[in-house]
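K.L.:
What follows is a predicted structure for the sequence shown.
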Amino acid sequence: MSIKIGIVGYGNLGRGAECAIKQNPDMELYGVFTRRAPETVKTLTNTNVYHIDDILEHKGKVDVLIICGGSATDLPEQTPYLAEHFNVIDSFDTHAKIPEHFEKVDSASKKGKTVSMISVGWDPGMFSRN
C-alpha cells in the first residue's frame, strides 16, 4: 500500500517534490493542484493536474498534501486552510513568523483532526539546526 501524495503548487519546489516521490516506491503521486489552468501545466511524470479551487473534491483520496508555495503570501493562507481538511507538510521559512504560523496551522489541524508539519526543509529545517 502506497502513500498518496498531492502537490500544491508546481514551481521549482513542486517539481522537486515530484522527483522525490518518484524515487520512493512506497509513495504515489496522486496529482498536482495549481492556480493555473490545469491543461497548461506539463508535469515531469504526466500525473493528473487539478485546479486548486477543486481541491476539496479530493478530500479522503489524498493521504498527504505537500504545499509548495511561497512563505511570503501562499503558505500563510494555504496551509491553515488545507490543514483543516488534509494532512499537510509545508516549508514555511519566515523565521520570525513561525510561531504565528504554527498557531494557525495547529488550530486548523486540531479542528479537522489532521496532522500537519510546518517549516520542513533546508531552511529553516536542517539549516537552522546547523
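P.N.:
Good, I have the coordinates.
K.L.:
Now for residue 119: which residues touch it?
P.N.:
Shown in contact with residue 119 (Cβ atoms under 8 Å, 6 or more residues apart in numbering): 90, 91, 92, 93, 98, 101, 125. The C-beta positions use only the backbone N, C-alpha and C, and glycine is treated the same way.
K.L.:
scratch that, residue 36
P.N.:
Shown in contact with residue 36 (Cβ under 8 Å, 6+ apart): residue 10.
K.L.:
Direction included, what does the lengthiest strand in the chain pair up with?
P.N.:
Across the chain, the strand with the greatest residue count (assigned by DSSP state E) is strand 27-34. Paired strands of strand 27-34, with direction, are strand 3-8 (parallel), strand 49-51 (parallel) (DSSP bridges).
K.L.:
closest to residue 81 out of those?
P.N.:
Set against residue 81 and scored by Cβ to Cβ, these come closest in strand 3-8, at 10.4 Å.
K.L.:
buried sites along the closest one?
P.N.:
For strand 3-8, burial by neighbour count (16 or more other Cβ atoms under 10 Å) applies to 5, 6, 7, 8.
K.L.:
how about the longest strand of the chain: buried residues?
P.N.:
The neighbour-count check on strand 27-34 (16+ other Cβ under 10 Å) flags 27, 29, 30, 31, 32, 33, 34 as buried.
K.L.:
From residue 8, how far out is the second one?
P.N.:
Going from residue 29 to residue 8 by Cβ to Cβ, to the nearest Å gives 12 Å.
K.L.:
Equivalent analysis for the third one, please.
P.N.:
As defined by Cβ to Cβ, residue 30 lies at a distance of 11 Å from residue 8.
K.L.:
And for residue 70?
P.N.:
Relative to residue 8, and taking Cβ to Cβ, residue 70 is found at 12 Å.
K.L.:
and what of residue 21?
P.N.:
Residue 21 sits 13 Å away from residue 8, taking Cβ to Cβ as the criterion.
K.L.:
I'd like the distance from stretch 32-46 to the chain centre, please.
P.N.:
Computed by Cα atoms, centre = their mean, to the nearest Å, the chain-centroid distance of stretch 32-46 equals 15 Å.
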